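> From the sequence below, what's the structure:
(chains A, B and C)
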Amino acid sequence: MPDNTSAFHLLLTRDPALFSIVGLSLAVSLTATVLASFIGMPLGALVALTRFRGRVFVMVGMNALMGLPPVIVGLAVYLSFSRSGPLGSWGLLFTPSAMVIAQAILVTPIIAALTRQTIEDLWLEYRDEFSAMHIGAFKRISTLLWDGRFSLVTALLAGFGRAAAEVGSIIIVGGNIEGFTRTMTTAIALETSKGNLSLAVGLGVILMGIVVLVSALAWGLRRAGERFAG
Amino acid sequence: MNTNAVSADLPIEFSEVNIDTGGLTILRQISLVIDAGAPTVFIGPNGSGKTTLLRAAMGLIAPSSGRMTWGGYTQSSPLRRAIVFQRPVMLRRSAFGNLHFALGSAGVTRSERQRRANELLSLVDLEGLGGRPARRLSGGEQQRLAIARALAREPRVLFLDEPTASLDPAATRAIEELIRSVSASGVKVVMATHDLGEARRLAGDIVLLHRGTIVERGVVDQFFNSPATEETRRFLAGELLL
Amino acid sequence: MNGLPRSFCIYAFALLIALVGPLSNAAGADRSIVVASTTSTQDSGFFDYILPIAKERTGITVKVIAQGTGQALDTGRRGDADVVFVHAKAAELQFLAEGESLKRYPVMYNDFVLIGPKADPAGVKGSKDIRQALVSIKNKRVPFISRGDRSGTNMAELTLWKESGVDIEQARDPWYKSIGQGMGAALNVASASGAYVLSDRATWVHFKNKGDLDILVQGDKRLFNQYGIMLVNPEKHPTVKKVLGQEFIDYLISPVGQQDIASYKLDGQQLFYPDANDPDA
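All right, here's what the predicted structure looks like:
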């Protein structure tokens, strides 16, 4: 990307490097969120609906992991995927896949904890009716998931927001390689350190635009949910 | 739907049933037979155990001691029994959605569901409100929808826990009308109420509960006109039973 | 209930797609190598210039991980890079001695310049002797920013302090600030606080936030900065792409590659001087 042009100019002229950076950011964060939801949602639902010893510790743990520092996750994933590390033979270091994995690790606790909260609240409400109507286990879970859909999608958006905004883990495991693993956040870090502040600010505005859009979506969904569910 | 389950429902028979929860005895030495016919109404002050008795009769609570049978069976799956709780919880869907859910769990095929849902809605006089989010209906409407939901299973016994407790007189009347017509169609109604007038209007027979035991039981006219026990007399006279 | 096995299959399939999608990126990158180099080299724009040309000439896609020299060599030691390309001869020779590489090739040199505020409180402007300049800075205790990140630039800076007879560990407080970051960051801090800083010329020319800073001392031979390139030892790390890595090295030291290096100009200034044929480099 040329240095002394603002990000808006690049946006208008459809600079391919800028588009690839934005595209990669969205692809990595979206894939990570999807992956995290496949793990986090069933996990959250399971913890919400079953009673087992140590359940309180698991819940506290899930909530605590929501605050996992990205750099620590980045370091752990780096050490795992380094060629001298246990999973080095997978050849994932410095690739977008490693970034997806690191962000999925960050996002899963958020989705799990929020899913647990939603499902548990809904379960307490619906439990009696479920027993009275003789509803089987699978049907209970699918009903809870469907009826809680607005809150669950909000949880997904929260997870996506966290992924899109972070830089600590992906800069370590991705290496910020131009054209391959450079995302908006890592590009901002780089351009700032190079002194290309106008470019960095421009990228920042684009990123903020995405974050605001996601928040607005979440808010809109909550409103739709309230209007529909009453 | 598990068609192998034994589904017998009447008569419901309690033999010296005690129910304890959390260290407290809620029901004490209950012996009772509920047979087909006109509605059976439980009355009594708050905390007398009406709700617990109702839930036990539905089959939701197992006795701590004593025996309960439905149509002679001790293990009876409640497929043809339905209950409407005191504060019914609507699913976060439309009225139709709630009915479809109940119909689905009762084994009605997809193609049949809309037709039956329409029937149920008009039965409870909620025609035209099918598309509205169920939680946005008024208290009386939700109560009627809850009854419609319960009727989706085509139950032989319908349990109702204080169905008009929070409703204004107009809504109350609508619900009572509905209960009458349900009973007339052959469904056995078992309900709890703290409204003596309502008990009198709807019941075939009355069971008076106090502190977890049955004080008196009898056919409605006889119960109100010539009560057998002193406690019943005082209760009917409006005194607080302690 | 009976829809469960079907929905589970869809679920598992989607999960697989989610994983395989980005993973296919990793598999598909055949003619590519990972080069661990320094942030100064990256910040100077050298890679932006040379890599497309290298790709045209050799068909190799080069992925650059830019870190401080110390970390770049460590990345090589872990086998996470195929080639290391840094500018700290002593550290490179150490790397060789450890057996982490089998041969070091000199490639090019650039030079360092002493940057400071135009007002020049240390009075070093125009000096031809970097050692005297550093001593002035220390005596007048004017603010000085050090990268402090085990980079080639950092090591060169520390060597210069030593050659000036200054024990920097003793004399540092409070005017000497070690920030542990790259060249661009150091220049930013210097610009913001009106301090002196040692920078490579390329990063300085490339730097967009000069503010009140300017070049105050240059040209002293002690400020020359030699680059060396090494293939990570494939015997120690079998996953190293030795054929492609060697091809890339061969390109850089070839007459064509050397000419390409010399042709890189920023603001009309040549930044890097090829010297692959210099036996002392």
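
> Write out the residues of chain A neighbouring chain C.
A:3-4, A:27-28, A:31, A:34-35, A:38, A:82-85, A:88-89, A:91-97, A:100, A:136, A:138-139, A:175-178, A:180, A:192-198 (C-beta under 8 Å from any C-beta of the partner chain). For the C-beta atoms, the positions are set from N, CA and C on the backbone; glycine is no exception.

> And the buried ones among the residues you listed, selectable in PyMOL?
The PyMOL command for the buried members of those (criterion: 16 or more other C-beta atoms under 10 Å in any protein chain shown) is given here:
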select buried, chain A and resi 27+28+31+34+35+38+82+83+85+88+91+92+93+94+95+96+97+100+139+175+176+177+178+180+192+193+194+195+196+198
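
> give me the residue from chain B nearest chain A.
Nearest to chain A, among the residues of chain B, is residue B:135, at 3.1 Å (C-beta to the nearest C-beta).

> burial count for that residue?
Neighbour count for residue B:135, taken as other C-beta atoms under 10 Å in any protein chain shown: 18.

> That one touches residue B:94, doesn't it?
No - judged on C-beta atoms under 8 Å, residue B:135 makes no contact with residue B:94 at a distance of 9.8 Å.

> Looking at the most centrally placed residue in chain B now. What's its pLDDT?
Central residue of chain B (C-alpha atoms, centre = their mean): residue B:159, 1.8 Å from the mean position. Looking at residue B:159, its pLDDT reads 96.

> Please report phi then psi for it.
Phi and psi for residue B:159, reported as degrees, to the nearest 10, are phi -100, psi 140.

> where does the spatially closest residue to residue C:78 that is not a sequence neighbour land in three-state SS?
The shortest distance from residue C:78 to any non-neighbouring residue, by C-beta to C-beta, 6 or more residues apart in numbering or on different chains, is to residue A:84 (4.5 Å). Secondary structure, DSSP: H, G, I helix; E, B strand; the rest coil: residue A:84 is coil.

> Surely residue A:84 touches residue C:75?
No - contact criterion C-beta under 8 Å: residue A:84 and residue C:75 do not qualify, at 10.3 Å.

> For stretch A:142-155, C-alpha coordinates in PDB please.
C-alpha atoms of stretch A:142-155 as PDB (Å, rounded to 0.1, in the frame of the first residue of the first chain):
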ATOM      1  CA  SER A 142     -33.900 -26.900  20.400                       C
ATOM      2  CA  THR A 143     -36.800 -24.900  21.800                       C
ATOM      3  CA  LEU A 144     -34.500 -23.100  24.200                       C
ATOM      4  CA  LEU A 145     -32.100 -22.300  21.400                       C
ATOM      5  CA  TRP A 146     -34.800 -21.100  19.100                       C
ATOM      6  CA  ASP A 147     -36.700 -19.000  21.600                       C
ATOM      7  CA  GLY A 148     -33.400 -17.500  22.800                       C
ATOM      8  CA  ARG A 149     -32.300 -16.700  19.300                       C
ATOM      9  CA  PHE A 150     -32.100 -13.000  19.700                       C
ATOM     10  CA  SER A 151     -29.900 -13.100  22.700                       C
ATOM     11  CA  LEU A 152     -27.800 -15.800  21.200                       C
ATOM     12  CA  VAL A 153     -27.200 -13.800  18.100                       C
ATOM     13  CA  THR A 154     -26.300 -10.900  20.300                       C
ATOM     14  CA  ALA A 155     -23.700 -13.200  21.900                       C
END
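
> which residues touch it?
Stretch A:142-155 is touched from outside by A:41, A:45, A:49, A:110-111, A:114-115, A:118-119, A:122-123, A:126, A:130, A:135, A:218, A:221-222, A:224-225, A:228-229, B:91-93, B:101, with contacts defined as C-beta atoms under 8 Å, 6 or more residues apart in numbering or on different chains.

> repeat that with 7 Å
Contact with stretch A:142-155 is made by A:45, A:111, A:114-115, A:118-119, A:122-123, A:126, A:218, A:221-222, A:224-225, B:91-92, as judged by C-beta atoms under 7 Å, 6 or more residues apart in numbering or on different chains.

> cool, and stretch A:29-46?
Stretch A:29-46 is contacted by residues A:100, A:103-104, A:107-108, A:111-113, A:115-116, A:119, A:141, A:145, A:156, A:159-160, A:163-164, C:15, C:18, C:21-22 when judged by C-beta under 7 Å, 6+ apart.

> where does residue C:250 land on pLDDT?
Per the predicted model, pLDDT is 96 at residue C:250.

> In the stretch 51-200 of chain C, what residue comes closest to chain B?
For the stretch 51-200 of chain C, C-beta to the nearest C-beta, closest residue to chain B: residue C:63, 49.6 Å.

> just to revisit the earlier point, please indicate which of the contacts of stretch A:142-155 are buried?
Buried among these by 16+ other C-beta under 10 Å: A:45, A:111, A:114-115, A:118-119, A:122-123, A:126, A:218, A:221, A:225, B:91-92.

> Looking at the residues you listed, which is nearest residue C:267?
residue A:218 (47.5 Å; C-beta to C-beta).

> Pretty sure residue A:42 sits in a strand.
No - using three-state DSSP, the assignment for residue A:42 is helix, not a strand.

> That one and residue B:170, how far apart?
Counting by C-beta to C-beta, to the nearest Å, the gap from residue A:42 to residue B:170 is 47 Å.

> ok, now residue C:133?
Distance from residue C:133 to residue B:170, by C-beta to C-beta: 97 Å.

> ok, those two, which is more surrounded?
residue C:133 (25 against 8).

> That one: which element?
In the assignment (DSSP states H and E), residue C:133 maps to helix C:130-140.

> just to revisit the earlier point, next up, the contacts around the closest residue to the residue of the stretch 51-200 of chain C closest to chain B other than its chain neighbours.
Distances taken as C-beta to C-beta, 6+ apart place residue A:177 nearest to residue C:63, at 4.6 Å, with adjacent residues excluded. Listed by C-beta under 7 Å, 6+ apart, the contact set of residue A:177 reads A:94, C:63-65.
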